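Participant: Curious how this folds, go ahead:
(one chain, ligands or ions: 2)
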Amino acid sequence: AWARVRGRLKADLGDEVFSCWFAGMNVEQIEGGTVWLSVPSRFLKTWISTHYRDKLAALWQAEGPAYRKVEVSVRSAMRAKVETPARFAAPEAARPASAPAPRAAVPLRPVADAASARLFDDISSPLDPRYTFENFVEGASNRLALAAARQVADGSASGVKFNPLYIHSSVGQGKTHLLQALTHRLKAEHPEMRVLYLTAEHFMYRFVQSLQTQSALAFKEALRTIDLLVIDDMQFLHGKQIQQEFCHTVNTLIDGARQVIVAADRPPVELETMDERVRSRLSGGLLIEIGAPDAATRRSIIERRIALTAQHMPGFSVPDDVIDFIVRNVTTSGRDLEGAVTRLAGHNQLTGLTLSLTMAETTLKDLIRVTDTRRVKIEDIQRVVSKHYNVSKQDLLSSRRTRSIVWPRQIAMYLAKSLTLRSLPEIGRRFGGRDHTTVLHAVRKVEEMIGSDEALTQEIEVLKRMLEA
Ligand code: ADP
Ligand code: MG
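Facilitator: Ligands and ions are numbered 1, 2, ... in the order given. Got it, this is the predicted structure:
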């Protein structure tokens with residue numbers, strides 16, 4: 001019966017998902033209608049119980065009346081330890097002969113501690129010393145992310161609910177700043193802790209390098225002995241083998257109650273090239289989005305930047321009306337605000353002229369144009385689309401599925417995704433409470449059509465121009 005249940009699971013979930021979660025599952029005992037299953041770690045137990053308990057029960061019940069209930073437990077520590085290396089490999093006997101052999105798991109061999117520590121220091125990405133908590137401006141849009149990062153830095157975020165901590169936002173909203181701030185803080189206050197900050201690209205680079213120098217084992221071992229793993233720009237983690245290695249690393253760390261923090265430019269569901277296992281793993285912790293800064297936050301970021309610039313440019317100052325101008329017009333991100341100040345400083349230094357509003361308007365023109373494009377509002381999109389296709393806004397947001405309404409709705413959602421910085425879930429909410437997958441489907445569909453339908457491409461261009469005008 002177990003072989004059949006396994007076969008069904010594998011068929012339903014796909015080899016990848018199956019081997020990540022169920023390969024290490026054993027039947028311990030079947031007694032009084034209860035099937036006792038065991039897995040090697042607590043984390044797997046929690047995960048399987050919350051995500052797959054019903055499915056498991058249903059599959060077993062279909063095998064006959066002798067299997068009424070399913071219980072999942074953690075194998076004893078001794079056995080779990082022995083079996084950890086083979087966690088992702090199915091036991092030979094239980095695997096149907098026709099199924100492909102699972103990927104060979106990398107055996108975890110203990111390496112000398114000093115060696116792994118040295119390697120570990122060696123693989124960290126460089127940190128920017130200015131990215132500290134002191135230099136980070138708190139605002140409504142980043143308050144939650146900042147609080148979570150602080151808690152991790154204080155070591156007070158132990159427990160499952162923060163693990164992994166996943167922070168996402170569009171570019172320039174301070175993710176890297178926050179991640180590095182907490183890395184700095186921990187390194188300074190807890191030098192005994194092994195904190196590893198890596199950009200996804202560095203992670204890939206180091207991984208490939210370790211394969212080439214035949215030190216892959218030492219690299220993997222080092223990864224699995226750290227206390228805190230910070231991965232920045234997760235959207236750049238490409239490659240199946242690397243994603244699998246990442247998945248294993250995260251599994252091991254979370255099982256060992258080590259913290260994992262990830263930042264990316266989109267939520268996990270939108271990491272389209274990512275292995276499904278990695279996506280679901282990343283969705284399982286705390287997700288926090290950083291939005292665009294509000295006016296008060298923008299002002300503080302500008303003022304802080306001016307103060308920092310004045311440290312190496314004595315006498316540099318910006319008149320109030322110019323500050324107001326930037327606050328009002330550069331609304332996208334911390335990065336653009338900093339760019340504005342840097343540009344004014346550069347101009348000031350080159351020309352020796354005092355800063356004026358007129359000069360700011362010219363110097364910052366393109367920054368502001370970018371800002372304008374992104375300031376398209378979802379309401380405007382809905383208004384323009386419903387007018388253009390002669391559909392009422394009410395219908396647009398309704399659940400009606402008439403083709404004459406569905407298509408404009410999909411175009412409107414596509415426009416919302418490409419002209420605003422809103423996430424898929426947010427767009428879904430604004431379109432009558434739809435699911436993010438519905439939005440994603442619409443976006444993809446329109447994108448596909450754009451490639452093949454000349455008239456439609458023009459039509460969408462027109463709509464875009466109307467909105468950006
Ligand atoms: P992201 O990683 O989200 O793309 P960064 O952390 O690289 O953004 O931020 C871009 C720049 O803007 C950095 O120089 C950063 O210091 C600055 N910045 C963004 N948000 C803030 C903030 N809330 N306070 C201070 N600086 C900020
Ligand atoms: Mg960044």
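
Participant: which secondary structure elements does the one helix or strand Ala3 maps to contact?
Facilitator: Here Ala3 sits within helix 2-13, counting by DSSP states H and E. Judged by 3 or more CB pairs under 8 Å, 6 or more residues apart in numbering; DSSP states H and E, helix 2-13 is in contact with helix 15-21, helix 42-61. C-beta here means a position set from N, CA and C on the backbone, and glycine is covered the same way.

Participant: Return the alpha-carbon coordinates of that helix using PDB.
Facilitator: Output in PDB follows, covering the C-alpha atoms of helix 2-13 (Å, rounded to 0.1, in the frame of the first residue of the first chain):
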ATOM      1  CA  TRP A   2       2.800   2.400   0.900                       C
ATOM      2  CA  ALA A   3       4.400   1.900  -2.500                       C
ATOM      3  CA  ARG A   4       1.100   2.800  -4.100                       C
ATOM      4  CA  VAL A   5       0.600   5.900  -1.900                       C
ATOM      5  CA  ARG A   6       4.100   7.000  -2.700                       C
ATOM      6  CA  GLY A   7       3.500   6.500  -6.400                       C
ATOM      7  CA  ARG A   8       0.300   8.600  -6.300                       C
ATOM      8  CA  LEU A   9       2.000  11.400  -4.300                       C
ATOM      9  CA  LYS A  10       4.800  11.500  -6.800                       C
ATOM     10  CA  ALA A  11       2.400  11.600  -9.700                       C
ATOM     11  CA  ASP A  12       0.300  14.300  -8.200                       C
ATOM     12  CA  LEU A  13       3.100  16.500  -6.900                       C
END
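
Participant: still on that earlier bit, of the helices and strands packed on helix 2-13, which shows the lowest average pLDDT?
Facilitator: Sorting the helices and strands packed on helix 2-13 by mean pLDDT places helix 15-21 lowest, at a mean of 66.

Participant: Name the surrounding residues that touch the host helix or strand of Glu459.
Facilitator: Glu459 is located in helix 454-468, with elements delineated by DSSP H and E. Under the criterion CB atoms under 8 Å, 6 or more residues apart in numbering, residues 372-373, 376, 380-381, 384-385, 388, 411, 414-415, 418-419, 446, 449-450 lie in contact with helix 454-468.

Participant: Which one (most neighbours) among the residues you listed?
Facilitator: Scoring the contacts of helix 454-468 on neighbours with other CB atoms under 10 Å, the highest-scoring entry is Ile381 at 28 neighbours.

Participant: any idea which helix or strand carries that one?
Facilitator: Counting by DSSP H and E, Ile381 is part of helix 378-389.

Participant: what bits of the stretch 251-400 of the chain have low per-residue confidence?
Facilitator: 369-374 (pLDDT under 70).

Participant: just the helices in it please.
Facilitator: With DSSP state H, counting those that start in this stretch, the ranges of helices along the stretch 251-400 of the chain come out as 276-283, 295-312, 320-329, 334-351, 357-363, 365-373, 378-389, 393-397.

Participant: the inter-axis angle of the first one versus helix 42-61?
Facilitator: In this case it means helix 276-283. Counting by axes from the mean of the first three to the mean of the last three CA atoms, to 10 degrees, helix 276-283 points 120 degrees away from the direction of helix 42-61.

Participant: which pair in the contacts of helix 454-468 spans the largest distance?
Facilitator: The span of the contacts of helix 454-468, defined through CB to CB, is set by Asp372 and Met449 at 27.2 Å.

Participant: For Ser392, give me its contacts.
Facilitator: By CB under 8 Å, 6+ apart, the neighbours of Ser392 are Ser386.

Participant: What of Leu308?
Facilitator: By CB under 8 Å, 6+ apart, Leu308 lies in contact with Arg130, Asn135.

Participant: Apply 10 Å and report the result again.
Facilitator: Arg130, Asn135, Glu338, Val341 (CB atoms under 10 Å, 6 or more residues apart in numbering).

Participant: For the chain, what lies in contact range of ligand 2?
Facilitator: Residues of the chain lying close to ligand 2 (CB under 5 Å from the ion) are Lys175, Thr176.

Participant: What residue in the chain comes nearest to ligand 2?
Facilitator: Residue nearest to ligand 2 within the chain (CB to the ion): Thr176, separated by 3.2 Å.

Participant: Hmm, that residue is touching Leu182, no?
Facilitator: No. Counting by CB atoms under 10 Å, Thr176 stays clear of Leu182, with 11.3 Å between them.

Participant: hey, what's in contact with both of these two?
Facilitator: Between them, Thr176 and Leu182 have Tyr131, Tyr197 as joint contacts when contacts are counted by CB under 10 Å, 6+ apart.

Participant: got any ranges where the stretch 101-250 of the chain has weak pLDDT?
Facilitator: Scanning the stretch 101-250 of the chain for pLDDT under 70 picks out 101-122, 155-161.

Participant: Can you show me the helices along it?
Facilitator: With helices called from DSSP H, counting those that start in this stretch, the stretch 101-250 of the chain shows them at 113-123, 143-154, 175-189, 200-212, 216-223, 240-255.

Participant: Convert the third one to CSV, retaining C-alpha atoms only.
Facilitator: Included here for helix 175-189 are C-alpha records, laid out as CSV according to Å, rounded to 0.1, in the frame of the first residue of the first chain:
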residue,chain,number,x,y,z
LYS,A,175,16.3,46.1,1.2
THR,A,176,20.1,45.8,0.8
HIS,A,177,20.6,48.6,3.3
LEU,A,178,18.5,46.8,5.9
LEU,A,179,20.0,43.4,5.3
GLN,A,180,23.5,44.8,5.6
ALA,A,181,22.6,46.8,8.6
LEU,A,182,21.6,43.7,10.5
THR,A,183,24.6,41.9,9.3
HIS,A,184,26.9,44.7,10.6
ARG,A,185,25.1,44.7,13.9
LEU,A,186,25.4,41.0,14.5
LYS,A,187,29.0,40.9,13.4
ALA,A,188,29.8,43.7,15.8
GLU,A,189,27.8,42.5,18.8
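
Participant: quick one: is it near ligand 1?
Facilitator: Yes. With CB under 6 Å from any ligand atom as the measure, helix 175-189 is seen reaching ligand 1 through Lys175, Thr176, His177.

Participant: most neighbours, which of those residues?
Facilitator: Of all those, the most densely surrounded is Lys175 (25 neighbours; neighbours counted as other CB under 10 Å).

Participant: quick one, what contacts that one?
Facilitator: Applying CB under 10 Å, 6+ apart, the residues near Lys175 are 142, 145, 149, 167-169, 232-233, 262-265, 288, 290, 334.

Participant: Would you check which pair of those residues lies furthest apart?
Facilitator: Using CB to CB, the contacts of Lys175 span at most 19.7 Å, a distance reached by Val262 and Gly334.

Participant: Domain-wise, how is this structure divided?
Facilitator: 2-93, 117-289, 295-373, 378-468 (automatic domain parsing).
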